[in-house]
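Novice: okay, predicted coordinates and the sequence, questions at the end:
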Amino acid sequence: MLKQQFRCKARRWVWLSAAAVCLLASGAHAEPDAARKEELRYLLEQDCGSCHGLTRKGGLGSPLLPENLADSSDEALLEVILEGIPGTPMPPWKYLMSREDAVWLVKLIRKGIDHDG
């Protein structure tokens, strides 16, 4: 009886682990809720804008316009946002935002929003 319970729990663990791996591998991302999106828009305008320009045309940092980022992959942009660029003023934002937040920001930047948001 004890062996059977152990096998059942072991099988359940294997299935749950497999499901988790599949979910992570599928790239499923939970999009931020409306309130978080507003916070991220504000961060993009004010915090990112302080270096990249309030209209994102560049300044201390490079421009954050769709045409300037066309040659960069989403993954490369996510790494820069989350990890920063050592030796430059670009800080890592991973302590203040999730990967899902950064994915949403990349989509927003690529869409080419006007500077009013």
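Specialist: Sure thing, it's come through. Bear in mind the structure is a predicted one, so any value in this text is a computation, not a measurement. Residues are numbered from 1 along each chain as shown.

Novice: okay, now the domains of the chain?
Specialist: 1-30, 34-111 (automatic domain parsing).

Novice: of those domains, flag the one that's most buried.
Specialist: Of all the domains of the chain, domain 34-111 has the most neighbours on average by mean count of other CB atoms under 10 Å, namely a mean of 15. The way it works is simple: take the backbone N, C-alpha and C, and place the C-beta from them, glycine included.

Novice: which strands and helices lie in contact with the host helix or strand of K107?
Specialist: Taking DSSP states H and E as the criterion, K107 maps to helix 99-111. Contact here means 3 or more CB pairs under 8 Å, 6 or more residues apart in numbering; DSSP states H and E; on that basis helix 99-111 packs against helix 34-42, helix 66-69, helix 74-83.

Novice: quick one on the thing from earlier: can you tell me which of the domains of the chain the model trusts least?
Specialist: Note on those: domain 1-30 shows the lowest mean pLDDT, a mean of 49.

Novice: and L54, what helix or strand is that in?
Specialist: L54 belongs to no helix or strand, assigned by DSSP H and E.

Novice: that one touches L44, doesn't it?
Specialist: No: between L54 and L44 there is no contact under CB atoms under 8 Å: 10.2 Å.

Novice: neighbouring contacts of the helix holding K107?
Specialist: 29-32, 36-37, 40-41, 43-44, 56, 64, 66, 69, 74, 77-78, 81-82, 93, 97 (CB atoms under 8 Å, 6 or more residues apart in numbering).

Novice: want to throw the helices and strands packed on helix 99-111 into TSV with distance to L60?
Specialist: Output for those, formatted as TSV (distance: least, CB to CB, whole Å):
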stretch	distance to L60
helix 34-42	19
helix 66-69	15
helix 74-83	15
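
Novice: of all those helices, which one is nearest I113?
Specialist: helix 34-42 (8.0 Å; CB to CB).

Novice: what's the closest non-adjacent residue to the residue nearest the centre of the chain?
Specialist: Among the residues of the chain, the one closest to the centroid is A102, at 2.2 Å (CA atoms, centre = their mean). Closest residue to A102 in three dimensions, ignoring its sequence neighbours and counting by CB to CB, 6 or more residues apart in numbering: I81, at 4.7 Å.
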